[in-house]
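Trainee: Below are the sequence and a predicted model for it; my questions follow.
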Amino acid sequence: MLMKVILLFSLTLLLNVYAKAQDVKYLNTDGKEISTAKFNAELETRKYLAIKTDAQHRQLIERYQTGLIPDFSNFKTIFNRHFPQALSNSPLVIIYYPGEDPCNNSGSATAETKKDWYGTLDKGVKKQIQSLPIYICKNKNDMDDRGSAVLNWNNDPEYLIERTFFKHHYPCGSFVVISPNGKYISYFGEYSKEQVWTALKAIK
């Protein structure tokens, strides 16, 4: 009798989980519902990421974003308070680390290979604007032990960068390029050095 009760309970639980899964709705970048197949096909293009807006909704978001920073004067004041004169007369590159996730906490990269990768990134940036990227993370205590910690990471000042550009946790990391007049180009999720250099060239 006890075994039957356990089996019935397990079956009910599985059915509830299945029913909830069926309730999930998939949305395009405009918030309109699309099929699961269409949603997955868009993800495969690598032009989009999926964000969880709530328990029942998954929405596509474009990885490449452009715009003008709202209240740029205030943004600049706060940022330069922590990084004096960083936002001055030339574009600025910010590399953002959101904290550990399956993407940045996997793979075969070592401290040495990561240092080399970012060193090449830095050289390409400096060649264009004569300054280096600023490395900002959500929490310096949440750096992985395989390389990220070897870089000069800074805590996000007053969570300014997260609030302005990276409201969701995008896998691996992201970057944003900011022009002296407040225009920006950002990219969500895993990126290449070339994508940073191209965005910088586009905003100059």
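Mentor: Thanks, I have the structure now.

Trainee: CA atoms for contacts and neighbours, from now on please.
Mentor: Will do.

Trainee: how about the helices in this structure?
Mentor: Under the criterion DSSP state H, the chain contains helices at 2-22, 36-44, 72-82, 111-129, 160-164, 193-203.

Trainee: could I get the shortest one in CSV with only the CA atoms?
Mentor: Taking only C-alpha atoms (Å, rounded to 0.1, in the frame of the first residue of the first chain), the coordinates of helix 160-164 have been written out as CSV:
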residue,chain,number,x,y,z
LEU,A,160,26.6,51.6,-12.3
ILE,A,161,27.7,49.4,-15.2
GLU,A,162,25.3,46.6,-14.3
ARG,A,163,22.4,49.0,-13.9
THR,A,164,23.1,50.9,-17.1
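
Trainee: and it, how far from the chain's centre?
Mentor: 11 Å (Cα atoms, centre = their mean, to the nearest Å).

Trainee: on contacts alone, who are the packing partners of it?
Mentor: On a contact count with 3 or more Cα pairs under 8 Å, 6 or more residues apart in numbering; DSSP states H and E, helix 160-164 meets helix 72-82.

Trainee: avg pLDDT for the helix it packs on?
Mentor: The pLDDT scores in helix 72-82 average 94.

Trainee: Give me the residue at the spatial middle of the chain.
Mentor: Of all residues in the chain, the one closest to the mean position by Cα atoms, centre = their mean is Tyr170, 3.3 Å from it.

Trainee: The nearest residue to that residue once chain neighbours are set aside and Thr120, how far apart?
Mentor: Residue nearest to Tyr170 in three dimensions, not counting chain neighbours: Gly189, with 5.0 Å by Cα to Cα, 6 or more residues apart in numbering. Taking Cα to Cα, to the nearest Å as the measure, Gly189 falls 19 Å from Thr120.
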